[in-house]
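J.: Would you be able to build a 3D model of this:
(chains A and B, ligands or ions: 2)
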Amino acid sequence: MMQMTGAQLMVRLLERQGVRTVAGIPGGAILPFYDALSGSEHIHHVLARHEQGAGFIAQGMARVSGVPQVCIASSGPGATNLVTAIADACLDSIPMVVITGQVPQAMIGTDAFQEVDIYGITVPITKHNFLVRSAQELLEVVPEAFRIAMSGRPGPVLIDVPKDVQNQLVTVAEFPAPAVADPAPQLDLEAVELAAKMINEAERPVLYLGGGVVASGAAPLAVQLAEQAGLPTTMTLMALGAMPMDHPLSIGMLGMHGARYTNFVLEEADVLVCVGARFDDRAIGRAAQFCPNAKIVHIDIDRSELHKIKSAHVAIHANVKCALEALLPRVQATLRKRWLSHVDSLKTRFPMQFPGQDDPRTHYGLIHAVAAALDDRAIVATDVGQHQMWVAQAYPFRRARQWLTSGGLGTMGFGLPTAIGAALAEPDRTVVCFTGDGSFKMNIQELATLAEEGLNVKIVLMNNNALGLVYQQQTLFYGQRLFASKYRTEPDFVKIAEGFGVAAVDLDLADNPRAALAEALHRPGPCLIHVTIDREQFVYPMVPPGAANTEMIGG
Amino acid sequence: MIEQVSDPLPQAGYAKVVLELDVNNHPGVMSHICNLFARRAFNVEGILCMPVSDGRRSRIWLLVFDDQRLEQMVRQLEKLEDVLNVRRHGAEHEVFERLEGFFH
Ligand SMILES: Cc1ncc(C[n+]2csc(CCOP(=O)(O)OP(=O)(O)O)c2C)c(N)n1
Ligand SMILES: [Mg+2]
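T.: Numbering: from 1, shown residues only, chains lettered A, B, ... in the order given. Ligands and ions are numbered 1, 2, ... in the order given. Reported below is the predicted structural model:
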């Protein structure tokens, strides 16, 4: 029999779960927990500068490790500051356990100081959430939270713990076993047979990979399937890296900013094999006109995704990895020369174009220069905007979990703290964060966290002194009425970084920008790399809002 | 820019169905379930909830329209951690009919 407080119990349960790094900010209602955490010999606490930063640091760790990671906030404003990072994790299926302090139970519902119903607020943006009513309950709730976060389709789980529960004494006879993920659902082998038959009989099949392929660790199997069955393979924003960009069967990213040829190939498909993707509107454009002639095989771990947007001819509710393992021996080895040579001719006629790629002072040129200076071990995070789309189009991703971006929610401010999290999880790798001047300012305070932790994060700031993507939309679709998309002043980002104790390089002033860039990327430790880019450059090609994927403009 | 605005989904004219849910009994369950329906503007015509057996479980009855989104709603319900199972009945199910008396 052991006696301890609820707070001490929480720390023990986290340790037993294998948690080694957490990010958060303390405050009144979570102080008992912080007091207990200070005694932990296993858990390193990273003090963020804004709770949203803590949320994205946890996400960064989770995105590269695939294991649920923890962020912590106090009640009230601390908890509400986490909301965006939680919603972001929910939309991108990132496993995360969020711990918030709450006012003591006796004060709940009285509008007590820093009381907010974070349980109610997070109902629609978590996979599940808990309001813990006794220290005893923690024995069940903490492992449950981890189990839920990592089982099936991963996602965020919130545990709200009133201060009195943290202080309450509890007698523990035995600790619960650390949580493990639920077993995968039973595979419908008949459906797998049918899917194999459809692939074997197809003339113009296309493989469409989504984030589920990355989440389930199935990228090598997906590549094997493509090679065996001769399937041209497209990836969603979330799946980039699942198949190497330069693989002969890769047809790159589909959708709003995909290459023209990619969307044309999809248009001609007679069988579409969708694996761990969800027919998101940015990926498929106008749904009724997406792959109009294709029979659809849809494999997903989330049953509610099947038939949600497009009805599938064969729907397989399964862990993607299990399904691919079962599918592979049933799929015939095929060269599929005719279709693949047609795909190649479309690629030649409607290729992705990278104007300026030899000049490191242009957007594509800069991305190419960064990629050329690094190898595939590097991790690449982005913020949200034009720079994000350019990196998605141009960076040669070659492995799963190499690429971290806010796909579903599109959260500006994602990049820096997520890159910090990635570097915490994989300190031996170089982590590059491509950011925009607008996004960077949304979590710029995390430069202090970065400096404190001394991590190997290189921030490449593509500065157009504008909310570029908004500027682009207003130019193209709002009669060039530019409003609230250009900044009238410009901060000195180099000074700001240096002020936070982060080294900075301004490529605008470098005689040899390529050399200065490589030097900055290779020097260990944090660094800001500032580059001014042309505001009049837009992301092309582009599917205009509401159009079909084949109706692209530009590029 | 033309945003994709979908037509409002009419609900009149559809048959009604009764959903019977077994759920864990704790204070947050109703908000998880009602949130699903409210968010998608999926009208719940009737709702009834009572604890069963030892009070650890509740049974919830929902009267809803059988429109094209029902299948998706049921799948979303089944995803909720506290929803143990969902059964479908026709509108002829008597649970709501017997309650009618209290509404006249
Ligand atoms: C938190 C948040 N607010 C607003 C938006 C809408 N938005 C999308 S991109 C963008 C501009 C981003 O500017 P910047 O980071 O400088 O990137 P750029 O497009 O200039 O490369 C805005 C305002 C968003 N995605 N996220
Ligand atoms: Mg910008």
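J.: contacting residues around A:Lys495?
T.: Residues counted as contacts of A:Lys495 (CB atoms under 8 Å, 6 or more residues apart in numbering or on different chains): none. Using the backbone N, CA and C atoms, a C-beta is placed for each residue, glycine as well.
J.: what about the closest residue to chain B within the stretch 51-200 of chain A, how many residues close to it?
T.: In the stretch 51-200 of chain A, no residue comes nearer to chain B than A:His128, which is 4.2 Å away by CB to the nearest CB. By other CB atoms under 10 Å in any protein chain shown, 22 other residues sit near A:His128.
J.: if you skip the residues just before and after it, what's nearest to it?
T.: Spatial nearest neighbour of A:His128, excluding adjacent residues (CB to CB, 6 or more residues apart in numbering or on different chains): B:Glu81 at 4.2 Å.
J.: quick one: that neighbour and A:Ala149 touch, right?
T.: No. Using CB atoms under 8 Å, B:Glu81 is not in contact with A:Ala149, being 11.1 Å away.
J.: shared neighbours of the two, anything?
T.: Shared contacts of B:Glu81 and A:Ala149 (CB under 8 Å, 6+ apart): A:Lys127.
J.: Among these two, which residue is more densely surrounded?
T.: A:Ala149 (28 against 18).
J.: any low-confidence regions in chain B?
T.: The model of chain B has pLDDT under 70 over residues B:1-12.
J.: all helices for it, in order.
T.: Secondary structure of chain B (DSSP state H): helices located at B:29-39, B:70-79, B:94-99.
J.: Strands of chain B, start to end?
T.: Assigned by DSSP state E, chain B shows strands spanning B:16-24, B:44-52, B:57-65, B:83-90.
J.: what do you get for the stretch 101-250 of chain A?
T.: Applying DSSP state E, counting those that start in this stretch to the stretch 101-250 of chain A gives strands spanning A:128-131, A:156-162, A:169-172, A:205-209, A:233-235, A:250-253.
J.: Give me the sheet partners of the third one and which way each runs.
T.: Sheet partners assigned to strand A:169-172 using DSSP bridges are listed as strand A:2-5 (antiparallel).
J.: Now the partner strand: buried residues?
T.: Buried residues in strand A:2-5, counting neighbours by 16 or more other CB atoms under 10 Å in any protein chain shown, are found at A:Met4, A:Thr5.
J.: gap between A:Gln59 and A:Cys527?
T.: 22 Å (CB to CB, to the nearest Å).
J.: about what we covered before: my guess is the residue of the stretch 51-200 of chain A closest to chain B contacts A:Ile148, does it?
T.: Yes. The pair A:His128 / A:Ile148 is scored as a contact, 5.0 Å apart, by CB under 8 Å.
J.: shared neighbours of the two, which are they?
T.: A:Val157, B:Glu81.
J.: Any residue of stretch A:520-533 touching ligand 1?
T.: No. Stretch A:520-533 does not reach ligand 1 (CB under 6 Å from any ligand atom); its nearest approach is 8.1 Å.
J.: what distance separates the helix or strand of chain A with the lowest mean pLDDT from the centre of its chain?
T.: The weakest-scoring helix or strand in chain A, judged by mean pLDDT, DSSP states H and E, is helix A:281-284 (a mean of 94). Averaged C-alpha coordinates place helix A:281-284 at 17 Å from its chain's average position (CA atoms, centre = their mean, to the nearest Å).
J.: List the contacts of the helix or strand following that helix.
T.: With elements assigned by DSSP states H and E, the helix or strand that comes after helix A:281-284 is strand A:295-300. Strand A:295-300 is contacted by residues A:153, A:195, A:198-199, A:212, A:270-278, A:305-307, A:310-318, A:320, A:323-324 when judged by CB under 8 Å, 6+ apart.
J.: what are the pairing partners of strand A:295-300, and which direction each?
T.: Counting by DSSP bridges, strand A:295-300 is paired with strand A:271-275 (parallel), strand A:314-317 (parallel).
J.: nearest residue to the spatially most central residue of chain B other than its sequence neighbours?
T.: Closest residue to the average C-alpha location of chain B: B:Leu62 at 4.0 Å, with CA atoms, centre = their mean. Once flanking residues are discounted, B:Leu62 sits nearest to B:Leu19: 4.4 Å by CB to CB, 6+ apart.
J.: I appreciate the help and will end here.
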